[in-house]
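*Asks:* The following block contains a protein sequence and its predicted model.
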Amino acid sequence: MKLFSKLAIMFLLPVVGVVNAAAQNPFDVNTTVTGVQTVGTGDVGLVFKYGSLHYKIRSEKTVEVTGEVRSTCKGRVEIPNIVKHNNKTYTVAGIGPNAFSNQKEMTSVVIPKTVKYIESKAFASTGLTDVIIPGNNVTVKEKAFLNCKSLSVVTLSGENSVCPATVFEGCTNFREFRIRGNNYQLNGKKFGNTSAVFKVL
C-alpha cells in the first residue's frame with residue numbers, strides 16, 4: 001500500500017501525442033463581464049465571456065476558466081487552447097475552483113494540452129463519465145472531481161503530472177485510471193484509496 005500511495009501522488013509518464021480536438025476555436029464573443037471584482041493591475045483579474053465559457057485573466061498571456069461567473073453547460077464541453085479579448089490572444093492555462101461544479105447535464109469535456117492546473121472542485125458533482133487530461137506537468141488539486149458519480153474512466157496522457165487519489169473522492173463508479181508509458185508494474189494495481197485500478201496503455 002505504501003508503494004501505491006506514493007505512486008498516486010506523482011507519475012512520471014512519457015510524452016504521448018494526443019489529438020487536441022479544441023485546437024481550432026470558432027468562437028469570438030469577446031464580451032467583458034461587468035460587476036466582477038478584479039485583482040491586480042491592468043486587465044489581470046478581468047472576467048470575460050468567450051464562446052460559451054467565462055475566463056479570468058491571470059497574466060498578460062494566460063487565462064483560466066473561471067467559476068466566479070457561472071457558465072451553463074450541457075453535454076459535451078470543449079475548452080479551447082486559446083481565447084481572445086480586446087484584440088489580445090490568451091492561452092488557457094488552467095481551470096479555476098468550481099468552474100463547472102454542479103453542472104449535472106455536463107457529460108464530457110475536452111481539456112486542451114495548454115491546461116497546467118485543475119483547481120479544487122473544478123468539476124465537482126458533474127455528470128462526466130470519462131475524462132482525458134492530455135497536458136504535461138499538470139497539477140490536479142484535491143477534490144477536483146468530487147462526487148462525480150458517473151465518472152468511470154480517467155486518462156492521464158502527459159508526463160510529470162500530479163494527481164492524488166483525493167481528486168476522485170466520492171466517485172463511486174470510478175473503475176480505471178489510465179496512464180501511458182513504461183509503468184507496466186502498475187497495471188491492474190489499485191489506485192490509492194479509490195475503487196479504480198491502473199491500466200497502462
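*Replies:* Looks like it arrived, so ask away.
*Asks:* mean confidence for the lengthiest strand in the chain?
*Replies:* Determined from DSSP state E, the single longest strand within the chain is strand 88-95. Averaging pLDDT along strand 88-95 gives 96.
*Asks:* Now for the closest residue in space to Tyr55 that isn't next to it in sequence, how many residues are close by?
*Replies:* Of all residues not flanking Tyr55 in the chain, Val63 sits nearest, at 4.2 Å (CB to CB, 6 or more residues apart in numbering). For every residue, glycine as well, the C-beta is placed using N, CA and C. Residues contacting Val63 under the criterion other CB atoms under 10 Å number 26.
*Asks:* Looks like Thr155 contacts Ser161 (just checking).
*Replies:* No: using CB atoms under 8 Å as the test, Thr155 is too far from Ser161 to be in contact (11.2 Å).
*Asks:* So for the two, which sits in the more crowded spot?
*Replies:* Each of Thr155 and Ser161 has its neighbours counted (other CB under 10 Å); Ser161 has more, 21 against 18.
*Asks:* so how far is Asn136 from the more buried one?
*Replies:* 7 Å (CB to CB, to the nearest Å).
*Asks:* quick one: low-confidence ranges for this structure?
*Replies:* 1-42 (pLDDT under 70).
*Asks:* Give me the sheet partners of whatever helix or strand Val83 lives in and which way each runs.
*Replies:* Here Val83, judged by DSSP states H and E, is contained in strand 82-85. Here strand 82-85 is paired, per DSSP bridges, with strand 88-95 (antiparallel).
*Asks:* what does the helix or strand following the partner strand rub up against?
*Replies:* Sequence order places strand 106-110 as the next helix or strand after strand 88-95, per DSSP H and E. Strand 106-110 has contacts (CB atoms under 8 Å, 6 or more residues apart in numbering) with 20-22, 73-79, 100, 123, 126-132, 150.
*Asks:* Now do the contacts for the closest residue to Thr129 other than its chain neighbours.
*Replies:* Closest residue to Thr129 apart from its sequence neighbours, by CB to CB, 6+ apart: Ser150 at 5.0 Å. Contact analysis of Ser150 by CB under 8 Å, 6+ apart lists 107, 127-129, 173.
*Asks:* same thing with Lys74?
*Replies:* 103, 105-106.
*Asks:* want to throw those residues into TSV with neighbour count and distance to His54?
*Replies:* Listed next are the contacts of Lys74 as TSV, based on neighbours: other CB atoms under 10 Å; distance: CB to CB, whole Å:
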residue	neighbour count	distance to His54
Gln103	21	13
Glu105	10	18
Met106	21	15
